[in-house]
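**Q** This is a predicted model, with the sequence first.
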Amino acid sequence: MAGIVFFFVLSVILGSFFTVETAQVAIVQRLGKFARVAGPGLNWKTPFIEAVVHRMSMKVQQFDVQVETKTQDNVFVQIPVSIQYKVIPEGVESAFYKLSDPVKQIESMVYNVVLGHVPKMKLDDTFLNQADIASDLRDNLDGSMKEYGYSIVKVLISDIVPDQKVKAAMNDINAAQREREATVSRAETNKLLLVKQAEAEAESKRLQGEGIANQRKAIISGLKDSVEDFSKAVQGSTPQDVMQLVLMTQYFDTLKEIAGNDHSNTVLIPHTPNTLTDLFSQIRNAIVAGTELTRQPVISASPAADR
């Protein structure tokens, strides 16, 4: 008999010990009345008098709410809201005894706040004020839920989804706007290219003109020196003889350059040395004939001679 009593007392004592997991608390009642909150670790309860009635998580929890409403410009939108909440350590008693379903309570408040804000805004404003709506939600929920022992950690609005037809129209508008901006950008680029090309051509022509002018100055200076040197070296030579020699030299230099260029398509007709001499003679004879013509006196008609 004594052994039975011993084992009974031992089982009662051992059954009075209980453990609580990390990030949890236990609600202990004494004779049906709240007694205390037991924290993580090994705990003791009075046999037959106290009992653990509930274990509550102290972790941050999350649930999602899908709110459908209409904006000021009569566009129906879906607003997904994510709420993160947790139990306040000093509010465990209120969280257990005052509120039976915290998720339902928070969800109702979310609907009230969203329906109080979004219908006053136009669709574009809801996208711009998305962060402000989430901030107002958190402030309102946190102030209301603290009475029940809960704290709102964060409220997230991931996106605002309008009706499918409205969304398609918005995409078309955005696409048209981007295409218009791209067209303007391409036009500005082409304009800049044309301006730069015109400036480059103008600069090229200017430099080319300077080069030609310098080249002609050098040719004139060289011809002058050649005439003087040739006249000194060859007694009795005239400037015309020097010019014929220079022209012949340039003629052969030109033929040499044409022959050395594989891609040349230039043909000289005719191209014999005698032709160059004949051409020079023709020019010289024309000049002489013109000079003689200007020297002849003009004979005017006389009335006496007619008689």
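**A** Cool, the structure landed. Worth saying up front: this structure is predicted, and the values here are computed from it rather than measured.
**Q** domain parsing for the protein?
**A** As assigned by automatic domain parsing, the chain contains the domains 2-57, 61-162, 181-233, 238-292.
**Q** Now the shortest one: average pLDDT?
**A** Rounded to a whole number, the mean pLDDT of domain 181-233 is 78.
**Q** How about the longest one?
**A** When the per-residue pLDDT values of domain 61-162 are averaged, the result is 89.
**Q** Pull the distance from it to the chain's centre.
**A** In terms of CA atoms, centre = their mean, to the nearest Å, the centre of domain 61-162 is found 35 Å from the chain centre.
**Q** Start and end of that domain, how far apart?
**A** Counting by CA to CA, to the nearest Å, you get 28 Å between the two ends of domain 61-162.
**Q** Could you do stretch 33-52 as well?
**A** 11 Å.
**Q** Could I get the buried residue list for it?
**A** Using 16 or more other CB atoms under 10 Å as the test for burial, stretch 33-52 gives 35-38, 43, 45, 50-51. No exception for glycine: its C-beta is placed from N, CA and C like everyone else's.
**Q** pull the longest helix from this structure.
**A** helix 164-233 (DSSP state H).
**Q** show me what contacts Gly39?
**A** Counting by CB atoms under 8 Å, 6 or more residues apart in numbering, Gly39 touches 20, 25.
**Q** Next one: it, what pLDDT does it get?
**A** For Gly39, pLDDT reads 92.
**Q** that older thread, which elements pack onto the longest helix of the chain?
**A** In terms of contacts (3 or more CB pairs under 8 Å, 6 or more residues apart in numbering; DSSP states H and E), helix 164-233 is packed against helix 239-260.
**Q** 10 Å instead, please
**A** strand 76-87, helix 123-128, strand 161-162, helix 239-260 (3 or more CB pairs under 10 Å, 6 or more residues apart in numbering; DSSP states H and E).
**Q** so which of the domains of the chain is the most packed in?
**A** Of all the domains of the chain, domain 61-162 carries the top mean neighbour count, a mean of 16, counting by mean count of other CB atoms under 10 Å.
**Q** hmm, back to that, can you list the domains of the chain in TSV and add distance to Ile173?
**A** Formatted as TSV, the domains of the chain follow (distance: least, CB to CB, whole Å):
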stretch	distance to Ile173
domain 2-57	47
domain 61-162	11
domain 181-233	13
domain 238-292	56
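**Q** Out of the buried residues of stretch 33-52, the closest to Thr126 would be?
**A** Of all those, Val37 has the smallest distance to Thr126: 42.5 Å, by CB to CB.
**Q** Pretty sure the closest one sits against Ile88.
**A** No - judged on CB atoms under 10 Å, Val37 makes no contact with Ile88 at a distance of 11.6 Å.
**Q** Who are the contact partners of His117?
**A** For His117, the contact set (CB atoms under 10 Å, 6 or more residues apart in numbering) comprises 69, 126, 129, 132-133, 136-137, 140.
**Q** rerun at 8 Å
**A** Here His117 is in contact with 133, 136 (CB under 8 Å, 6+ apart).
**Q** if I look at it, how far off is Asn129?
**A** 8 Å (CB to CB, to the nearest Å).
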